[in-house]
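A.B. asks: can you look at this prediction? I've put the sequence above it.
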Amino acid sequence: MIEIQNIEKSFNDKQILYGISAVFEQGKTNMIIGASGTGKSVLLKCIVGLVPPEKGKVLYNSRDFYQSNREEQKKIRSEIGMLFQGSALFDSMTVEENVMFPLNIQGEKMSANEKKDRVYFCLNRVGLENAGQKMPSELSGGMKKRVGIARAIVLNSQYLFCDEPNSGLDPITAIRIDNLIQEITHEFNLTTVVVSHDMNSVMEIGQNIIFLHKGYKLWEGSNTNILHTDCQELRDFIFSNKLMMEFNKQ
Ligand SMILES: Nc1ncnc2c1ncn2[C@@H]1O[C@H](COP(=O)(O)OP(=O)(O)OP(=O)(O)O)[C@@H](O)[C@H]1O
């Protein structure tokens, strides 16, 4: 479980986040949603320790990240897996080498065979056990995301962060990636946090959602009650999507 308490963040006197508190539950796909420029990525960076907030706490299973010493922070970081927006694979490495990369950096106690077994366990889990020797340039967008997911879980991560996992994918591939993230979350009992502005994703995997608007958290709930919200800003966000608007008329 990750708990954030009263997060405040500014850049050059411009306040971006105002007192954000939330609980991201273990074994669930938690989502941070909102329109472009509303502070989702900044909040994600505050949570993973890339951008320290001026105020507030980030607790990883009760461990206060920003109050921890370097060693403790390193330990927490080693439990975090990230799926980046553009997958962020290394173009000059094979799929196997890409997934192996975190093990080479942090898995110093593992033998070469153990590392390889772990890489192929993860590739198998995302359906790419035969793609180990391919280069990223030979992969489709959806396959690249799968490799990114395999790399994010290779260290036995407890916490999985996904920044816009659907960007650039067609709707069917996008749903497959969403479902894979949800399955892996349940199977490995991860605390998963997905940043998205895609309503299809929200309806598919949004088990625990916070909605940001202009740096404020205006709503929290799940995909079972989001369509019935009376928060006007959230309604505007949901029904700016044409398909959702049609659905709402029925
Ligand atoms: N390092 C930075 N320095 C200054 N301003 C920043 C920095 N990072 C983000 N911002 C500003 O913070 C605001 C929120 O940006 P953020 O990237 O969090 O939005 P977002 O909700 O993730 O949008 P999108 O969905 O388009 O990615 C924007 O006005 C952005 O310009």
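C.D. replies: Nice, I can see it.

A.B. asks: point out where the protein drops to low pLDDT.
C.D. replies: 107, 241-250 (pLDDT under 70).

A.B. asks: one more time with 90, if that's ok
C.D. replies: The model of the chain has pLDDT under 90 over residues 84-88, 105-110, 156, 166-168, 171, 197, 239-250.

A.B. asks: name the element the spatially most central residue of the chain belongs to?
C.D. replies: Centroid check for the chain by CA atoms, centre = their mean gives Cys162 as the closest residue, at 2.0 Å. Taking DSSP states H and E as the criterion, Cys162 maps to strand 159-163.

A.B. asks: can you point out the buried residues in whichever helix or strand comes after that strand?
C.D. replies: Counting by DSSP H and E, the element after strand 159-163 in chain order, helix or strand, is helix 171-187. Neighbour counts over helix 171-187 (16 or more other CB atoms under 10 Å) mark 173-178, 180-182, 184-185 as buried. From N, CA and C alone the C-beta is placed, and that goes for glycine too.

A.B. asks: what are the pairing partners of the next helix or strand after helix 171-187, and which direction each?
C.D. replies: Once helix 171-187 ends, the next helix or strand along the chain (criterion: DSSP H and E) is strand 191-196. Looking at strand 191-196 with DSSP bridges, its partner strands are strand 28-33 (parallel), strand 159-163 (parallel).

A.B. asks: which stretch among these comes nearest Arg70?
C.D. replies: strand 159-163 (18.8 Å; CB to CB).

A.B. asks: domain map for the chain?
C.D. replies: Annotated domains of the chain cover 1-79+158-173+188-250, 87-157 [automatic domain parsing].

A.B. asks: format the ones you listed as JSON lines; extra columns: distance to the ligand.
C.D. replies: Shown next, in JSON lines, are the domains of the chain (distance: least, CB to the nearest ligand atom, whole Å):
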{"stretch": "domain 1-79+158-173+188-250", "distance to the ligand": "3"}
{"stretch": "domain 87-157", "distance to the ligand": "15"}
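
A.B. asks: what's the spacing between the residue nearest to the centre of the chain and Asn30?
C.D. replies: 10 Å (CB to CB, to the nearest Å).

A.B. asks: whichever helix or strand Ala152 is part of to helix 171-187, inter-axis angle?
C.D. replies: Take DSSP H and E as the rule and Ala152 turns out to sit in helix 141-153. Angle between the axes of helix 141-153 and helix 171-187 is 20 degrees (criterion: axes from the mean of the first three to the mean of the last three CA atoms, to 10 degrees).

A.B. asks: other SSEs contacting helix 141-153?
C.D. replies: strand 80-83, helix 95-106, helix 112-125, strand 159-163, helix 171-187 (3 or more CB pairs under 8 Å, 6 or more residues apart in numbering; DSSP states H and E).

A.B. asks: is Ala35 in a helix, a strand, or coil?
C.D. replies: Judged by DSSP: H, G, I helix; E, B strand; the rest coil, the three-state class of Ala35 is coil.

A.B. asks: excluding sequence neighbours, find me the nearest residue to it.
C.D. replies: Closest residue to Ala35 apart from its sequence neighbours, by CB to CB, 6 or more residues apart in numbering: Phe237 at 5.8 Å.

A.B. asks: and that neighbour, how many neighbours?
C.D. replies: For Phe237, the tally of surrounding residues (other CB atoms under 10 Å) stands at 25.

A.B. asks: returning to that earlier point: buried deepest among the strands paired with strand 191-196, which one?
C.D. replies: strand 28-33 (a mean of 25; mean count of other CB atoms under 10 Å).

A.B. asks: ok, residues contacting the following helix or strand past that strand?
C.D. replies: Using DSSP H and E, the helix or strand that follows strand 28-33 in sequence is helix 40-48. Under the criterion CB atoms under 8 Å, 6 or more residues apart in numbering, residues 2, 4, 7, 9, 16-17, 20, 32-34, 51-53, 56, 58, 77, 80, 82, 161, 163, 193, 195, 197, 212 lie in contact with helix 40-48.

A.B. asks: can you tell me which of those are buried?
C.D. replies: 2, 4, 7, 9, 16-17, 20, 32-34, 51, 53, 56, 58, 80, 82, 161, 163, 193, 195, 197, 212.
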